[in-house]
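J.: Got a sequence here, can you model it:
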Amino acid sequence: MTYDSREVKDGTLFICKGAAFKPEYLKSAIADGACAYISETGYEEGGDVPALIVSDIRKAMPLLGDLFYDYPQKKLNITGFGGTKGKSTSTYYMKYVVDEYLESIGKPESGVLSSIDNYDGVVREESHITTAESLELHRHFYNAVNSNIDFMEMEVSSQALKYDRVLGIGFNVSVFLNISEDHISPNEHKDFEDYLSSKMKMFALSEHAVVCLDTDCAERVLEEAKAAGDITTVSCKNPDADYYAHDIRKEGSSIFFSVTKKKAPAFEEEFELTMPGLFNVENALGVIAAAEIYNIPVDCIKAGLRKAKSPGRMELFKSEDGLVNAFVDYAHNKLSFEALYSSVKKEFPGYRIVGIFGCPGGKAYQRRYELPQVAAKYGDKIYICAEDPGPDPADEISAEVAKYAREAGIEYEEIEDRGAAIHKAILEVRKPTVLLITGKGEETRQKYGTVYAPCRSDADYTKEFIKEYNESPHLARK
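T.: Purely as a prediction, here's the structure:
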């Protein structure tokens with residue numbers, strides 16, 4: 001069963017879906033062996049091949065996928081993470097915790113479906129989007145079940161919820177982190193209410209909901225969360241939450257924090273994160289609550305969080321002389337920028353802060369003015385470079401970002417090539433500096449038009465250019 005005519009073979013059920021669908025795709029599928037097709041209307045190109053006509057192809061797809069793969073999601077413990085920022089970090093925190101527990105009982109590692117990569121016991125691949133199409137999701141679930149995987153951690157995007165990619169999936173636990181205006185465009189959400197209401201759909205699919213009280217619109221979120229079986233609250237600010245994080249502090253390269261649990265059996269425990277970023281305590285707190293719902297031992301939670309890393313998230317690269325401190329991170333919207341820049345300002349007092357980032361094409365247009373504003377609030381300079389320009393000319397996106405950078409009063413340079421921008425930013429360092437290289441992380445593809453062109457990752461560039469910095473004559477840099 002597929003909607004891609006290139007995948008058709010004898011006995012295939014072909015799905016006619018999407019704005020880009022053309023009747024000739026159906027004709028090609030039938031020629032290659034499709035035995036039936038499903039669509040919202042009949043096509044002459046279908047000839048005598050049986051057709052299943054449905055009222056809503058998007059809603060039909062996840063139900064068909066679940067049926068086709070024999071309901072694999074019912075055989076997994078699925079944890080979904082929703083919110084504007086922190087989904088991928090939280091997903092990997094949860095994976096480390098769950099894997100620590102699974103190893104202790106002699107079971108294989110859990111699966112993961114994220115904006116970074118996917119693993120289902122059969123496939124391990126770099127991800128293209130936050131939440132895959134419904135057929136791919138159920139295929140991943142099927143692979144996981146056949147690989148004796150018990151747990152799956154996944155990011156759940158507003159687009160996946162709005163367009164029913166996750167319809168019918170039962171999340172054992174859903175964790176809602178935060179909400180802030182993002183993804184507002186003609187191609188995504190028409191306004192903030194559409195964005196928020198799409199996010200809220202996750203609760204009706206959930207057996208247990210974990211909600212961070214520190215989010216904007218907390219009252220609305222809590223009201224919507226009643227659609228889940230039960231609600232557990234977490235907070236770094238409100239001691240009345242079921243799980244309250246306090247005494248948050250940085251010691252050396254680690255972050256320590258204590259958690260008070262009000263729900264029985266109550267506890268007071270200290271946890272350690274070795275991944276940088278004070279804001280990650282909020283992500284870890286949601287994971288602690290979710291792990292407790294699964295009755296994962298506290299020792300496994302502590303060990304998992306201590307080891308936890310997220311590819312491309314807060315990866316720190318330092319020069320030998322200590323002047324260059326380069327963080328590679330996926331931060332790409334106002335909320336994640338605010339958390340990242342404010343945390344760095346606090347953790348590196350007196351350091352120069354330089355950002356290297358761009359904005360995507362065809363979506364989330366508000367980032368073009370929000371991101372330079374946040375950078376100007378905390379930083380000293382930005383380099384504006386390409387970041388998946390897609391359907392829009394990269395130079396036009398950069399010019400728009402530059403306009404708002406000027407208005408915000410921050411120094412900037414426009415260098416379209418990301419590698420060249422990272423190279424210049426590193427090699428020009430003369431005093432203690434934090435470089436925030438954001439948006440692409442470990443990704444090895446850059447979207448131009450509809451093509452994902454291969455490219456080197458930000459982490460790869462950063463390691464090479466810091467090595468060059470270390471090997472260059474020190475006197476020449478003074």
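J.: Compute the number of surrounding residues for Cys16.
T.: Using other C-beta atoms under 10 Å, Cys16 has 23 neighbouring residues. To be clear about C-beta, it is placed using only N, CA and C from the backbone, and glycine gets the same treatment.
J.: so what's it up against?
T.: Contact partners of Cys16, counting by C-beta atoms under 8 Å, 6 or more residues apart in numbering, are 3, 25-26, 37-40, 43, 57.
J.: Against Ala36, how distant is it?
T.: As judged by C-beta to C-beta, to the nearest Å, Cys16 and Ala36 stand 11 Å apart.
J.: and what of Val145?
T.: Look at Val145 and Ala36: by C-beta to C-beta, they are 26 Å apart.
J.: Have a look at those two and say which one is more surrounded.
T.: Higher neighbour count among Val145 and Ala36: Val145, with 22 against 15, using other C-beta under 10 Å.
J.: What pLDDT does the model give that one?
T.: Per-residue pLDDT puts Val145 at 98.
J.: again with Lys478
T.: pLDDT, Lys478: 50.
J.: How about Pro473?
T.: In this prediction Pro473 is given a pLDDT of 71.
J.: residue ranges for the helices of the stretch 351-478 of the chain, please.
T.: Across the stretch 351-478 of the chain, reading from the start of the chain, the helices by DSSP state H, counting those that start in this stretch fall at 367-378, 394-408, 418-427, 458-471, 474-477.
J.: ok and the third one relative to helix 458-471, angle-wise?
T.: Okay, so that is helix 418-427. Regarding helix 418-427 and helix 458-471, their directions subtend 40 degrees when assessed with axes from the mean of the first three to the mean of the last three C-alpha atoms, to 10 degrees.
J.: If we go by neighbour counts, what in helix 418-427 is buried?
T.: Residues 418-419, 421-423, 425-426 are the ones in helix 418-427 that count as buried (16 or more other C-beta atoms under 10 Å).
J.: ok, how many other residues are close to Gly322?
T.: 8.
J.: er, Glu282 I mean
T.: As a burial measure, the neighbour count of Glu282 was computed by other C-beta under 10 Å and equals 26.
J.: and if you look at Phe81?
T.: Counted with other C-beta under 10 Å, the burial measure for Phe81 works out to 30 neighbours.
J.: Return the residues in contact with it.
T.: Phe81 is in contact with 87, 90-91, 94, 153-156, 174-175, 177, 286, counting by C-beta under 8 Å, 6+ apart.
J.: I'd like these written out as a markdown table, with neighbour count and distance to Gly449 added.
T.: Output for the contacts of Phe81, formatted as a markdown table (neighbours: other C-beta atoms under 10 Å; distance: C-beta to C-beta, whole Å):
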| residue | neighbour count | distance to Gly449 |
| --- | --- | --- |
| Lys87 | 25 | 27 |
| Ser90 | 30 | 32 |
| Thr91 | 25 | 29 |
| Met94 | 32 | 35 |
| Glu153 | 29 | 32 |
| Met154 | 27 | 29 |
| Glu155 | 24 | 25 |
| Val156 | 30 | 28 |
| Ser174 | 24 | 35 |
| Val175 | 33 | 35 |
| Leu177 | 24 | 32 |
| Gly286 | 27 | 37 |
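J.: and those, which of them are in helices?
T.: Within the contacts of Phe81, residues falling in helices by DSSP state H are 87, 90-91, 94, 286.
J.: Just the closest of the residues you listed to Cys300, please.
T.: Distance to Cys300 across the ones in helices among the contacts of Phe81 (C-beta to C-beta) is lowest for Met94, with 11.8 Å.
J.: So what touches stretch 244-261?
T.: Around stretch 244-261, the neighbours that count as contacts under C-beta under 8 Å, 6+ apart are 234-236, 238-239, 242-243, 262, 266-274, 276-278, 280-282, 284-285, 288, 292, 347.
J.: residues in contact with Glu347?
T.: Applying C-beta under 8 Å, 6+ apart, one finds that Glu347 lies in contact with 250, 276, 278.
J.: buried subset of those residues?
T.: Neighbour-count burial (16+ other C-beta under 10 Å) is assigned, among the contacts of Glu347, to 276, 278.
J.: ok, which stretches of the stretch 51-200 of the chain are strands?
T.: If you assign secondary structure with DSSP state E, counting those that start in this stretch, the strands in the stretch 51-200 of the chain sit at 51-53, 77-82, 111-113, 117-119, 124-126, 151-155, 171-176.
J.: Many thanks, I have nothing further to ask.
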